[in-house]
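Asks: predicted model, plus sequence, below.
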Amino acid sequence: MAFNPVIAALTVAARRAAPIIESAVGRGLSRKATQAILKASGMSFRRQEFLDVFRYFDTGQILARQWKNLRKDFYPNPDRMRESINPLRKKYSYKVRRDILNAEEGEPTEDYITVVSDRLLTPDEAETIAEEYTEQGDRYAHKEYAPPVLEDVIKAGSTGTLS
């Protein structure tokens, strides 16, 4: 699972369960069935925290398609964004995916870049920032990559921002 600032701020037990919950949501399992799987595997944590994580991934599955199909020059509607369950560094967090082909090893991989901003960005702006970031680092030397794709947008929720 790629680094996710929302999941990283959860308790250890919730972070361990997050990939299982994400997989269950992707397969269409209900909350009750997912909680039964976690209980059977010996993972337990507060029900409210489980529901927060489940809703986070459930809403993400629905909205992920929306961001990929948004016109590159349109601003996303803040009312349709998921709210973060943890404080964010800035008001909006954009998750951008880059498909990378490592020239040395020849195997394709995915890389996720998180772009944060206090103002709304169009998909084109978020993808351009992510592209500039990948072109300036040594980490991306000797690699070929496909154009970036906006995968997700999250806004600061009731917990606000860290600043």
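Replies: Nice, I can see it.

Asks: burial count for the nearest residue to Tyr133 once chain neighbours are set aside?
Replies: Leaving aside its sequence neighbours, Tyr133 sits nearest to Ile113 (Cβ to Cβ, 6 or more residues apart in numbering; 5.8 Å). Where you see a C-beta, it was placed from the backbone N, CA and C, and this is true even at glycine. Residue neighbour count, defined by other Cβ atoms under 10 Å, stands at 20 for Ile113.

Asks: in stretch 73-80, which of the residues would be classed as buried?
Replies: Neighbour-count burial for stretch 73-80, counted by 16 or more other Cβ atoms under 10 Å, picks out Pro76.

Asks: and what of stretch 41-53?
Replies: Neighbour-count burial for stretch 41-53 flags 43, 45, 50, 53 (criterion: 16+ other Cβ under 10 Å).

Asks: OK, contacts around the first one?
Replies: If a contact means Cβ atoms under 8 Å, 6 or more residues apart in numbering, then Met43 has 13, 16-17, 20 as its contacts.

Asks: pipe the residues you listed into a markdown table and attach pLDDT, secondary structure and neighbour count per row.
Replies: Formatted as a markdown table, the contacts of Met43 follow (pLDDT from 0 to 100; DSSP: H, G, I helix; E, B strand; the rest coil; neighbours: other Cβ atoms under 10 Å):
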| residue | pLDDT | secondary structure | neighbour count |
| --- | --- | --- | --- |
| Ala13 | 84 | helix | 15 |
| Arg16 | 85 | helix | 14 |
| Ala17 | 87 | helix | 25 |
| Ile20 | 87 | helix | 15 |
